[in-house]
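1. Need coordinates for the below:
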Amino acid sequence: MARIGVLSFSDGRDYVHAGIADFIKTTEDRLVAALTAAGHEVVCGSAPISDNALAGSVARSVAAAQVELTVFHYAVWAFPHFTMLAAGATPGPVLLLSTIDPVQPGMVGMLAAGGALDQIGRAHTRLWGDPGDAELVAAIGHRARAAAAVAALRGSTFGRFGGRPMGMNTAVANTDQWQRLFGIDVEEIDQWEIVRRAELADGAEAKRAREWLEQYATVHYDGAKLTPELLERQLRSYLAVRELIAEWRLDFSGIKGQPELTQYFATMDVTEAFLNDPYDWNGPKEPHVCATEADMDGALTMQLLKQIAGTPVLFADVRHYHADRDIWDLCNSGQHATWFAARSADPAENLAKVHLYPEVFFFPAGGAAVHHLAAPGEMTLARLTRKDGEYRMHLMLGEFENYDPDTNETLMRQSTREWPHAFARLDAHAADFLSRFGANHIHAVPGDHRETVRAACGLLGVTMDEFSRGAR
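-> Reported below is the predicted structural model:
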């Protein structure tokens, strides 16, 4: 959840404030209780803001607690210049919230304050309603989580291993633009570091990891493209990248992989899958977003979705559209975190559905492809793309589906069976999607997080470009 600041505003006339202070406090207490019950941490101002000095001091105190969203709360008529002073002392996102009590004109106070902020160009959002209303509390939560996700991007570092893969312009972003819009630095790291450090990695650790995989997943050795030695090379690569992530303090990353590593060393499928997983053979861990093909905008989308949803994020090619079923096969070499196989907190339950197959002819260096079928359920699908140099967020709702074993098998064999698959029914007309979706890669998290994504894009100044069957 998020850390939310609450500042309540009052009338600047002493005799009026004295008569409404208890009402403000009662209303604020109800709001704080509702937000706390929803799982948020709430930091309240020390007193309702009823004069100029308090506007600055109380706002600075709340801001010092490093809140991610500050709610300016209007239960009564409040002098608008108090809002202006408090906004000046509030560096982060601001939400104006009014009650709808017919006796006390909180709505009038919010509108007057919002208009004043508009005049100086201070961005803010507005909500109104009873503090006990579950929908209102949820709406505040969406904006708070969005603010937290955006704040987590700023000051972070993306590690790019290698350059542009196979001529994919959509995988390469402008680092100056990233700094300006998102506050993200890009650290360039040569892929040779993966090779070099993999050779130096702990062989006993790699062996233990291989035996763990052999115990819980199904490994299909063929003596050529996939051997115990090649699988351990992939696992040593994972250890090498984990070491580089720690050394360079990388918050998220991407590995070019193709064609150099996949042609001469080993595929990065195992490395990328386990980086994105919430576990490895050593137990639970924080998922580290790593995009295949060093896809910068893909990794950025994934990092934002991870902060919003709190789960691993799926990365896939939009591989094929089955027109007869109106479903899409989202498939990419090994990139799907194994967590998506069952979406279980128990890695054994996920890995029971995972097969490691010898890589296909695209990747002559060999190694394991991490195959599974994503578990069914509602999903939010998204992708940051650029049009004429400006960022936009493609967004839609969808469902991952599974069928009977024979149908699943038939559908997977129509593309590349050895790779991971997700059968997705999108809330989008196929013709509309194919006409304007701006990349070959797409990303997904479980549940409906569209409102939070919209709020995050509003804070980032990113244009929304949504898909829905209700519109063309």
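
2. C-alpha from now on. contacts and neighbour counts both.
-> Noted.

3. The stretch 301-450 of the chain: helices as residue ranges?
-> Using DSSP state H, counting those that start in this stretch, the helices of the stretch 301-450 of the chain run over residues 347-351, 405-413, 430-436, 450-460.

4. whoops, I mixed them up, the stretch 51-200 of the chain
-> 52-64, 80-88, 106-119, 134-153, 175-182, 192-200.

5. Can I get those helices in JSON lines including mean pLDDT, distance to G298 and mean neighbour count?
-> Formatted as JSON lines, the helices of the stretch 51-200 of the chain follow (pLDDT from 0 to 100; distance: least, C-alpha to C-alpha, whole Å; neighbours: other C-alpha atoms under 10 Å):
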{"stretch": "helix 52-64", "mean pLDDT": "98", "distance to G298": "32", "mean neighbour count": "19"}
{"stretch": "helix 80-88", "mean pLDDT": "98", "distance to G298": "34", "mean neighbour count": "21"}
{"stretch": "helix 106-119", "mean pLDDT": "98", "distance to G298": "34", "mean neighbour count": "19"}
{"stretch": "helix 134-153", "mean pLDDT": "97", "distance to G298": "14", "mean neighbour count": "21"}
{"stretch": "helix 175-182", "mean pLDDT": "96", "distance to G298": "13", "mean neighbour count": "15"}
{"stretch": "helix 192-200", "mean pLDDT": "97", "distance to G298": "21", "mean neighbour count": "17"}
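
6. Give the full set of residues in contact with T125.
-> Contacts for T125 (C-alpha atoms under 8 Å, 6 or more residues apart in numbering) come out as 94-96.

7. Quick one, which of those are buried?
-> Those of the contacts of T125 that meet the buried threshold are 94-96, by 16 or more other C-alpha atoms under 10 Å.

8. picking up where we left off before, for the helices of the stretch 301-450 of the chain, which one sits closest to D317?
-> Of all those, it is helix 430-436 that lies closest to D317, at 13.0 Å by C-alpha to C-alpha.

9. thought T267 was touching E260?
-> No. Contact criterion C-alpha atoms under 8 Å: T267 and E260 do not qualify, at 9.5 Å.

10. and the two? which has more neighbours close in?
-> T267 (30 against 17; other C-alpha atoms under 10 Å).

11. Helix, strand, or coil at that one?
-> Under the three-state scheme (DSSP: H, G, I helix; E, B strand; the rest coil), T267 adopts coil.

12. Can you check which helix is longest in the chain?
-> helix 14-37 (DSSP state H).

13. tell me how far the ends of stretch 319-335 are from each other?
-> 13 Å (C-alpha to C-alpha, to the nearest Å).

14. change the start of the numbering to 35 and stick with it
-> Sure thing, new numbering starts at 35, so read that last one as stretch 353-369.

15. Residues contacting it, please?
-> 302-304, 306-307, 325-326, 348-352, 403-405, 449-450, 453-460.

16. at 7 Å what do you get?
-> Residues outside stretch 353-369 that contact it (C-alpha atoms under 7 Å, 6 or more residues apart in numbering): 303-304, 306-307, 326, 349-352, 403-405, 453-459.
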